[in-house]
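Undergrad: give me coordinates for this.
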Amino acid sequence: MKPFSKFTFIDKIKTVGDKNEVDKTMHVILIVQQIFGLQILDPKWTWKTSGLKHFMTACLTVYVLYGTYDAVEKVADVELIAEACFTFILISARIFKACLFANKKYTFRKLYLLSKTSILDILKTESENTDGSLQVLKKGQRAVFIFFLVIVIPFSSYVFTALWSYIKGNRTPVSKTTSILMPLSTPYFEIGCILHMISMFQIGFIILVVDLWFVFLMLFYCMASDNIIKILKVEKRGLEEDKKQYADRLNRSLKNFYEAHVKINEYLNTMSEMFRWLAAIPLYMVTICTCLILLLMSKKINWAFTSTTIPLFAEIFVFNWFGEQVKSKAYKLKLLLLHFDWLSLQYKDRKSYHIIVCYMNKNFGIKTAFGNELSFITMTSVLKASYQAFTVLQTLDD
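TA: The predicted structure is shown next:
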């Protein structure tokens, strides 16, 4: 009998291409996708094959939405209304992200296949040691784990607070702004709380899965770019090396750079296509939620609610940080090409060098569907827009 281990799960999960270390690194995320019916890397996945899971998710979503509306329908408390609005925003984000993610299944499969073939080959070929690709995967796994904690811990506080209150004999719902729509007696209260917990973690994990894929895939791009930079760092001509040998060595480096850059550029273009809409959602979520937080802070600081918005700021920071990294890596490559000893190339090879330099002058980056380029400038613009909206609402309130 095969021993029970985490790898028995990933062996049952199908993805595109041959299984390798990338599948093992992302086995937890793939299992989560399988549970929630969004394992779109399975070539046989369709909306029909996971229809029962999506029907149950839809029923649970309607239940939570109606419960939230019922809880705040006749409430005048600003804090409760703001928290209810935050619940509606999260549910809307989950629905949009899940649908957009699933509808991009072919693009995502292509992107995943590129990461575990072309990009992984670059990491293996240009790494300074044979374990270079394993180090990259470990770094990726560590980054995913940290981001996972940043997202999960704030939402877990609601669940643990409700559980602790239940242990002490108090029947406190998981969220004050969502009614269980059932009597507070046993077993109805317990059933309602369990449904709310499932819904909360489902919302968090579905939003989380998309963001974690972005983090992991962008790490691959950044590390592959760092390895390509090494190709252009050619040692100077040695004393025992003639001009032709040195020119041939320069030409080989330039050729290897071009072939590797074509691969990562195809990867980046596929990333842009995949996250064109998915990267736009966090920008507008943060704009609305920051405005809500500022409105609450102008009345009274609610630290419990504010802590739940931390993942949103982590999300927008990570998206824009990686967008900035794309621009930074492209700038480094341009500088290295300009300092490349092209005058030592043979005359017939200089034309290829000039073509590559002209190509590298184009703008590299990731744009959202609304034309925003992911960068720190975009992040500050979003926060500025939130503050401007807050000042307008405060003026109307006065």
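Undergrad: avg pLDDT for the helix or strand hosting L123?
TA: Secondary structure assigned from DSSP states H and E places L123 in helix 120-126. Taken as a whole, helix 120-126 has a mean pLDDT of 79.
Undergrad: quick one: residues in contact with it.
TA: 20-22, 132-133, 136, 220, 223-224, 227-228, 230-231, 260, 263-264 (CB atoms under 8 Å, 6 or more residues apart in numbering). Just so you know, the C-beta spots here come from the backbone N, C-alpha and C atoms, and that holds for glycine as well.
Undergrad: by neighbours, which of these wins?
TA: A224 (26 neighbours; other CB atoms under 10 Å).
Undergrad: which pLDDT value does the model give that one?
TA: What the model reports as pLDDT for A224 is 88.
Undergrad: go on, the one 4 residues further on?
TA: Taken from the predicted model, the pLDDT recorded for I228 is 88.
Undergrad: who are the neighbours in contact with the nearest residue to it once chain neighbours are set aside?
TA: Leaving aside its chain neighbours, I228 sits nearest to A260 (4.9 Å; criterion: CB to CB, 6 or more residues apart in numbering). By CB under 8 Å, 6+ apart, the contact list for A260 reads I122, E126, A224, N227, I228, I231.
Undergrad: okay, and the most centrally placed residue in the chain sits in which element?
TA: The chain has D211 as the residue nearest its centroid, 2.2 Å off, counting by CA atoms, centre = their mean. In the assignment (DSSP H and E), D211 maps to helix 188-232.
Undergrad: that helix packs against which elements?
TA: helix 27-35, helix 51-72, helix 78-103, helix 105-114, helix 120-126, helix 132-167, helix 243-274, helix 310-338 (3 or more CB pairs under 8 Å, 6 or more residues apart in numbering; DSSP states H and E).
Undergrad: quick check: the residue lying farthest from the centre of the chain vs Y246, distance?
TA: No residue in the chain sits farther from the centre than E240, which is 50.6 Å out by CA atoms, centre = their mean. As judged by CB to CB, to the nearest Å, E240 and Y246 stand 11 Å apart.
Undergrad: same deal with L217?
TA: L217 sits 38 Å away from Y246, going by CB to CB.
Undergrad: how deep is the nearest residue to M182 once chain neighbours are set aside tucked in, by neighbour count?
TA: Excluding its sequence neighbours, the residue lying closest to M182 (CB to CB, 6+ apart) is Y188, at 3.9 Å. Y188: 13 surrounding residues under other CB under 10 Å.
Undergrad: and the one 3 residues further on, by the same measure?
TA: Neighbours of I191 under the rule other CB under 10 Å: 12.
Undergrad: distance of it from M56?
TA: For I191, the distance to M56 - CB to CB - is 15 Å.
Undergrad: where does the prediction get shaky in the stretch 201-350 of the chain?
TA: Residue ranges of the stretch 201-350 of the chain with pLDDT under 70: 296-309.
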